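Engineer: Dropping a prediction and its sequence here:
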Amino acid sequence: MEQLCKKVLIIDDDEDDFILARDILSRIAGAIPEVEWASSYSAALSIIERGEHDVFLVDYRLGGQNGLELIRTARQRGVRQPMILLTGQGDLDADMRAVRDGASDYLLKDEINPLLLERSIRYSMDRQRAQNDLKESEEKYRALSENSPDIIMRFDCQYRHLYVNSAVRAISKVASHEFIGKTHAELGFPEQMQEFWRKHLGSAFGSGKPQRVEFEYRTEEGLHVFDMRLMPEQSTGCEVTSVMCTMRDITEIKRLQQFTARAQRLETAGRIAGQVAHDFNNLLAPLVAYPDLMRGELPPGLEAVRFLDKMKDAACRMSEINQQLLTLGRRGHYNMEPLSLNEIVRQAVGQTGTTAVAPAMQLNLQEGLMNIKAGPSQILRAITNLINNACDAMPNGGQLTITTENVYVDDETVGRLGRIPIGEYVRLTVSDTGVGIDPDALPRIFDPFFTTKTTDRARGSGLGLSVVHAVVEDHHGAVECKSTPGKGTTMIIYFPITREAVEVKQWDQIIGGCEKIMVVDDDEVQREVCQQLLEKLGYQVTAVSSGELAVDTLITTPHDLLLLDMIMPGGIDGTETLKRVLEVHPEQRAIVVSGYAESRRVSEALRLGASAFIRKPVTMRSIAQAVRRELDRNIAPVVV
């Protein structure tokens, strides 16, 4: 038969009673346990602390002290083994007090027999094992709870805290133990927060159903968003006796959701903007190009020449707005090349218009700044927008500071910015001491067409920062904004570095030629504008309306250069046209001309051999420089 226990300590100041108890133990069926005797209170405590025994049989009377005091002291010292009180009294109150003080059971000495003692020991040990298992489970639960990042609380029906884990320190200066037994009112929480808890705890207690609430709570670190769940706990009579509450900080999740939603809004608005801008580009072409042609036909000094200059200036400003729309819609192509961000900053500062009260400007441009690979016009547009925004924020003057520096983006910065890899970057910081941005408006500043400027301001379309955001993302960078109302705003942009050298450009003049050029564009106005500009430069020009016509013509009549529109509905596009032409003339030179281009198709055209991209609407200078550069590329000088 299974041994009941291995070692028993009998604690009794009377040796005869010890011998009697030992004899009864020896008559219990099964293996006889090892028995030891302690004859005094102090000796018993000393032996108990060794932790060698499975069960303690404790006599009520121990000289000047008693067994209850011994049991109480042993329990206070962490002893968990069963302790059975042996008493000669039949006092129910004393027996109940013994159980409250930690006795596992109590037996009357006059009634002890082997069967009763075995039953008491077995019951006490089973009960102790259950208590140990329960305590271990509670300790595991407490460890999980105390190490959980979620805030966990339990409330009674008076809304007093029964339990609070240590995570509460993340949002409160009050330690978790100081919550116990107190309501939010007694803890000094604001009335609005007290009402919040009364409402939702009352609903959980009243309905007996789980509740889920999302709420905002401001701490010293800023505004946090929490997902709170209240779970009623019921007694056996189905009465709600307490409510368990968990609170999870979902601030980062909400930020990512807002980031995704904003990206979707940008994409939708961008598609619409791109479609509108493409059509608008075709209408702008003659307004931008014809003033140059007309000026050449008029004698100098006429008033009409001044009017033409104003017309062209207005058309160019309209074209700039259109390019903002194209950039927002990702419909414009970027000529990616190594460039110095310092030079682009200087160029943007030089183009900044004067205001009634111009701000003081400070440039902190790092020497030895790494190059970035980017589209120069797009980066210039983004920086110009930032400078214009900063100046608009300081109508009465102030300080504008522009800083560039080489930085290494680590894990912490990536966690804050998101979506960019760890590595080397050039950081551009544009700071002003202007009016700042309201915290409620801050999450929307990159939304298309969102503006906080009044309608009477020169710039208030809501495109500026949207374009900045679009350009930075297209260049695999990141942008963040820090602002304090009344103190100013700081925009911080990160661009990945490149170790490629900046190419020295020597083309800054208008040079024509006499080569044969074919213009391929489905839009009649665009064909006519390009043809007239090129003919003005001395070239022989053929204009066709489709890629199919271009291929058929070039089979019998070769041309030195193709100017290809990318998107030509109803037929093959510019890339496919170039591909078919190269099958006939493998050395054919080509330039892409478009204001509306799918980046993948443009990249494929460039891979096939097209050397450059001219943005619509074209000007005399842009088309002259691109055409001459391509025609002269890799041509050895003639030796006479």
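Structural biologist: Sure thing, it's come through.
Engineer: right, and residue 229 touches residue 245 too?
Structural biologist: Yes. With contact defined as C-beta atoms under 8 Å, residue 229 reaches residue 245; the gap is 7.1 Å. For the C-beta atoms, the positions are set from N, CA and C on the backbone; glycine is no exception.
Engineer: Which one's more surrounded, these two?
Structural biologist: Neighbour count, other C-beta atoms under 10 Å: between residue 229 and residue 245, residue 245 has more, with 24 against 15.
Engineer: the strands in the stretch 351-500 of the chain, which residues?
Structural biologist: 360-365, 371-374, 399-409, 423-432, 478-484, 488-498 (DSSP state E, counting those that start in this stretch).
Engineer: Partner strands of the first one, with direction?
Structural biologist: Read that as strand 360-365. strand 399-409 (parallel) (DSSP bridges).
Engineer: Same check on the second one?
Structural biologist: Counting by DSSP bridges, the strands paired with strand 371-374 are strand 337-339 (antiparallel), strand 488-498 (antiparallel).
Engineer: tell me how far it is from the chain's mean position?
Structural biologist: Centroid separation between strand 371-374 and its chain, computed with C-alpha atoms, centre = their mean, to the nearest Å, is 25 Å.
Engineer: Likewise for stretch 472-483?
Structural biologist: Here stretch 472-483 is found 13 Å from its chain centre; the criterion is C-alpha atoms, centre = their mean.
Engineer: which one of the strands paired with strand 371-374 is the most hemmed in?
Structural biologist: Among the strands paired with strand 371-374, strand 488-498 has the highest mean neighbour count (mean count of other C-beta atoms under 10 Å), at a mean of 21.
Engineer: and the helix or strand following it, what other elements does it pack with?
Structural biologist: Next helix or strand after strand 488-498 toward the C-terminus (DSSP states H and E): strand 516-520. Under the contact definition 3 or more C-beta pairs under 8 Å, 6 or more residues apart in numbering; DSSP states H and E, strand 516-520 sits against helix 524-536, strand 540-544, helix 547-556, strand 561-564.
Engineer: what separates the closest residue to residue 371 other than its chain neighbours from residue 503, distance-wise?
Structural biologist: Using C-beta to C-beta, 6 or more residues apart in numbering and skipping residues adjacent in sequence, the residue nearest residue 371 is residue 338, 4.7 Å away. Here residue 338 is placed at a distance of 7 Å from residue 503 (C-beta to C-beta, to the nearest Å).
Engineer: Kindly report the same for residue 74.
Structural biologist: In terms of C-beta to C-beta, residue 74 sits 87 Å off from residue 503.
Engineer: now residue 336
Structural biologist: 12 Å.
Engineer: Which one's more surrounded, these two?
Structural biologist: residue 336 (17 against 9).
Engineer: Spit out the contact partners of that one.
Structural biologist: Each residue near residue 336 by C-beta atoms under 8 Å, 6 or more residues apart in numbering is listed here: 373, 374, 375.
Engineer: now that we have those residues, which one has the most neighbours?
Structural biologist: The most neighbours of any of the contacts of residue 336, using other C-beta under 10 Å, belong to residue 374, which has 28 neighbours.
Engineer: How much space separates residue 271 from residue 265?
Structural biologist: 11 Å.
Engineer: One more: residue 397?
Structural biologist: Using C-beta to C-beta, residue 397 is found at 35 Å from residue 265.
Engineer: Equivalent analysis for residue 77, please.
Structural biologist: 66 Å.
Engineer: These two: who's more crowded?
Structural biologist: Using other C-beta under 10 Å as the criterion, residue 77 and residue 265 rank with residue 265 on top: 16 against 10.
Engineer: now the more buried one, nearest residue through space, not along the chain?
Structural biologist: Nearest non-adjacent residue to residue 265 (C-beta to C-beta, 6+ apart): residue 447, at 6.1 Å.
Engineer: Contact partners for residue 156?
Structural biologist: Residue 156 touches 162, 241, 242, counting by C-beta under 8 Å, 6+ apart.
Engineer: What's opposite the last one in the beta bridge?
Structural biologist: Read it as residue 242. Bridge pairing for residue 242 - DSSP bridges - gives residue 156, residue 233.
Engineer: my guess is it contacts residue 163, does it?
Structural biologist: No. Here residue 242 does not reach residue 163: they are 9.2 Å apart, not a contact under C-beta under 8 Å.
Engineer: what sits in contact with each of those two?
Structural biologist: What both residue 242 and residue 163 touch, as defined by C-beta under 8 Å, 6+ apart, is the set residue 154.
Engineer: Look at those two and report which has more neighbours.
Structural biologist: The neighbour comparison of residue 242 against residue 163 (other C-beta under 10 Å) goes to residue 242, with 19 against 16.
Engineer: Spit out the contact partners of that one.
Structural biologist: Applying C-beta under 8 Å, 6+ apart, the residues near residue 242 are 154, 155, 156, 157, 162, 232, 233.
Engineer: Show me which pair in those is furthest apart.
Structural biologist: For the contacts of residue 242, with distances taken as C-beta to C-beta, the pair at the greatest spread is 162 and 232 (13.5 Å).
Engineer: So between these two, which is more surrounded?
Structural biologist: residue 232 (20 against 14).
Engineer: How about the more buried one, nearest residue that isn't a chain neighbour?
Structural biologist: In space, residue 232 is closest to residue 240, 4.5 Å off (C-beta to C-beta, 6+ apart).
Engineer: give me every residue that touches the one you found.
Structural biologist: 157, 204, 205, 208, 232, 233, 234.
Engineer: One more pass at 6 Å, please.
Structural biologist: 205, 208, 232, 234 (C-beta atoms under 6 Å, 6 or more residues apart in numbering).
Engineer: Please pick the buried ones from the residues you listed.
Structural biologist: 205, 232 (16 or more other C-beta atoms under 10 Å).
Engineer: Out of the contacts of residue 240, flag the one nearest to residue 424.
Structural biologist: Nearest member of those to residue 424, counting by C-beta to C-beta, is residue 232, at 55.0 Å.
Engineer: quick one: the closest one from residue 111, how far?
Structural biologist: Counting by C-beta to C-beta, the gap from residue 232 to residue 111 is 47 Å.
Engineer: What of residue 299?
Structural biologist: Taking C-beta to C-beta, one finds residue 299 at 136 Å from residue 111.
Engineer: Equivalent analysis for residue 294, please.
Structural biologist: Taken as C-beta to C-beta, the span from residue 294 to residue 111 is 126 Å.
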